[in-house]
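Asks: I'll drop the sequence and a predicted model, then ask my questions.
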Amino acid sequence: MEHHDNRGLAVVTGASSGIGRALASEFASAGFDLVIAAEDERIQAVALGLRAAGVRATGVKADLSTYDGVQALHSAVRGTGRAPDAVVINAGAGVSGDFARDNDLASELRLIGLNVTGAVHLAKLMLAEMTASGTGGLLFTSSIAATPPGPYHATYVASKAFLLSFAEALRYELRDTGVRVTALMPGQDDPASVARQGVEALLAGREHVGAGAAGNAGAAGNKVQFAAGRVLSQTAQAWIQARRGAD
């Protein structure tokens, strides 16, 4: 693997705002160069800001819910001449409401295209680079909501559950390759805190991290919710989540 000044290369999607932008900043602080992507023009301003701070950063405007968008990002990464040391599949969309009676089908299918199909497509391409080099880490932004059913956020929560299961399966499959896989599972928390915990977990090779506010009470609450999601019946979990959505 080629390195520039001993700096690793991190790829972060959904990096124009929120947790994705915070993840890009966290990797920059950890000494990584960056290829960052989002579907909106703000990604170029984020890349410019990183470069102004002395970080080698490339911004890629691409719709990762489409085949061509994923391929464009992959081409940009390959254009660096370097295999990625860290890849964060963070870009995602959400849809809320009654699936059968309220929500627009096109919005639901676009969510699946970005959160599921695009994530699988990008993971396939990036893992080919990382397994060939025998090192690297792949971080999926799932959600603490991934363990229970999600009434009124049905496809969103299902997509996050897919990412959690996918990450856990890949982690096992890649256990002898030198490539680490981590699932980041934030709740409604401060993006900077979530990003810090996510990057720390990936670099430490942890299986998943239930990131929370300040890494303390919020993280502890997320761990309890994650554990409950593995124990309570699906009906009970659905009732709890539906009540939360109604509050």
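Replies: Ah, there it is.

Asks: Arg196: what's its closest spatial neighbour, skipping adjacent residues?
Replies: The spatially closest residue to Arg196, leaving aside those adjacent along the chain, is Glu26, at 5.7 Å (CB to CB, 6 or more residues apart in numbering). For every residue, glycine as well, the C-beta is placed using N, CA and C.

Asks: Look at that neighbour and say how many residues are nearby.
Replies: Glu26 has 23 neighbours, counted by other CB atoms under 10 Å.

Asks: contacts for whichever strand or helix holds it?
Replies: Using DSSP states H and E, Glu26 falls within helix 18-29. With CB atoms under 8 Å, 6 or more residues apart in numbering as the test, helix 18-29 has contacts from 10, 12-15, 34, 36, 38, 46, 50, 53, 55, 57, 86, 88, 90-91, 139, 141, 186, 191-192, 194-196, 198-199.

Asks: Could you check how far the residue nearest to Arg196 is from Gly198?
Replies: Glu26 sits 8 Å away from Gly198, going by CB to CB, to the nearest Å.

Asks: Give the buried residues for the helix holding Glu26.
Replies: 18-28 (16 or more other CB atoms under 10 Å).

Asks: Same question for stretch 197-213.
Replies: 197-203, 206, 208-213.

Asks: Just the buried subset of the contacts of helix 18-29, written out for PyMOL, thanks.
Replies: Here is the PyMOL command that selects the buried residues among the contacts of helix 18-29 (16+ other CB under 10 Å):
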select buried, resi 10+12+13+14+15+34+36+38+46+50+55+57+86+88+90+91+139+141+186+191+194+195+196+198+199
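
Asks: Low-confidence stretches in the protein?
Replies: 1-5, 212-247 (pLDDT under 70).

Asks: now the strands for the chain?
Replies: Counting by DSSP state E, the segments of the chain that form strands are 8-13, 32-38, 57-61, 86-89, 136-141, 179-184, 208-209.

Asks: Distance to Ala158 for the ones you listed - can I get that in a markdown table?
Replies: As requested, these are exported to a markdown table (distance: least, CB to CB, whole Å):
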| stretch | distance to Ala158 |
| --- | --- |
| strand 8-13 | 20 |
| strand 32-38 | 23 |
| strand 57-61 | 28 |
| strand 86-89 | 17 |
| strand 136-141 | 15 |
| strand 179-184 | 15 |
| strand 208-209 | 18 |
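
Asks: Which two among the buried residues of stretch 197-213 are spaced furthest apart?
Replies: Leu203 and Ala213 (21.2 Å; CB to CB).

Asks: Surely Arg171 is in contact with Glu207?
Replies: Yes - taking CB atoms under 8 Å as the definition, Arg171 is a contact partner of Glu207 at 6.2 Å.

Asks: Now for the two: what residues contact both?
Replies: By CB under 8 Å, 6+ apart, the residues touching both Arg171 and Glu207 are 181-182.

Asks: what number of residues lie near the residue lying closest to Thr117 once chain neighbours are set aside?
Replies: Leaving aside its sequence neighbours, Thr117 sits nearest to Ser65 (CB to CB, 6+ apart; 7.4 Å). Neighbourhood size, Ser65 [other CB under 10 Å]: 22.

Asks: now do Glu41
Replies: Number of residues near Glu41 (other CB under 10 Å) recorded here: 10.

Asks: Leaving out sequence neighbours, find the closest residue to it.
Replies: Counting by CB to CB, 6+ apart, the residue nearest Glu41 is Lys61, at 6.5 Å.
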